[in-house]
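Colleague: sequence and predicted structure, then a few things I'm wondering about:
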Amino acid sequence: MAARVGHVVTSGTFSLDGGTWEVDNNVWIVGDDAEAIVIDAAHDADAIEAALGGRRPAAIVCTHGHDDHIDAAPELAARTGAPVLLHPDDLMLWKQRHPGSEPDGALADGQVLAVAGVELTVLHTPGHSPGAVCLHAPALGTVFSGDTLFSGGPGATGRSFSDFPTIIASIRERLLTLPAGTVVRTGHGESTTVGAEAPHLEEWIARGH
């Protein structure tokens, strides 16, 4: 069975800098009938485990360390035995949510994760957070962008550890250089394509989020 992209939306809260907000998160599952990779174990380990449907998760990949993207990761890992992977530049965010623990492994730019015959290449895309990453799967024509790029613009940069010029550079150099038809599967909200977002880069810069 060929690899495919699955999806479940989970709901919870995002907390940082003393504020808390209600959020819906996209949890992406890439794999076949036997194994899968979970991208962003958000909020609800029960829902994610149900979406896996008995498949063996090869890894739980965190696109960044904000608590709404990692809050269910330790529980899901304990249930399934899958390692949790996070870029080390976001370790301080992990420790805010899960003090006294660390992820099982580190993500690095250019690292290739393989599942069900498909390769996902890690793209370090700082800006929303220092250790934010995207996962590019050319064979599936898609990139999993976390909170780096959304339908309509870049991720937020108004809170601690974020930087607007840095996220713009990441999008320009790492994402908008991908084929125009590449589907951008985001951390929140609707998917988009590289081709749909690329023409608006200068508008985003002018707005200076």
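Modeller: Here it is on my side, so go on.
Colleague: now do S15 against V115, distance only.
Modeller: 31 Å (CB to CB, to the nearest Å). Where C-beta positions appear, they are placed from N, C-alpha and C, glycine not excepted.
Colleague: and for I37?
Modeller: 5 Å.
Colleague: common neighbours of these two, please.
Modeller: Common contact partners of I37 and V115 (CB atoms under 8 Å, 6 or more residues apart in numbering): 30-31, 58-59.
Colleague: P154: which of the residues you listed is nearest?
Modeller: Nearest to P154, judged by CB to CB, of those is V30 at 23.6 Å.
Colleague: isn't that closest one right up against V143?
Modeller: No. V30 is beyond contact range of V143, at 11.7 Å (criterion: CB atoms under 8 Å).
Colleague: which residues are in contact with both of these two?
Modeller: Common neighbours of V30 and V143 (CB under 8 Å, 6+ apart) are A137.
Colleague: follow-up on the earlier one: which of the shared contacts of I37 and V115 has the most neighbours?
Modeller: Most neighbours among the shared contacts of I37 and V115, by other CB atoms under 10 Å: V30, with 26 neighbours.
Colleague: could you say which helix or strand holds it?
Modeller: For V30, the host element (DSSP states H and E) is strand 19-31.
Colleague: quick one on the thing from earlier: neighbour count winner among S15 and V115?
Modeller: V115 (23 against 16).
Colleague: and that one, how far from D32?
Modeller: When distance is defined by CB to CB, V115 is 8 Å away from D32.
Colleague: do the same with R4
Modeller: Counting by CB to CB, the gap from R4 to D32 is 7 Å.
Colleague: any common contacting residues for the two?
Modeller: What both R4 and D32 touch, as defined by CB under 8 Å, 6+ apart, is an empty set.
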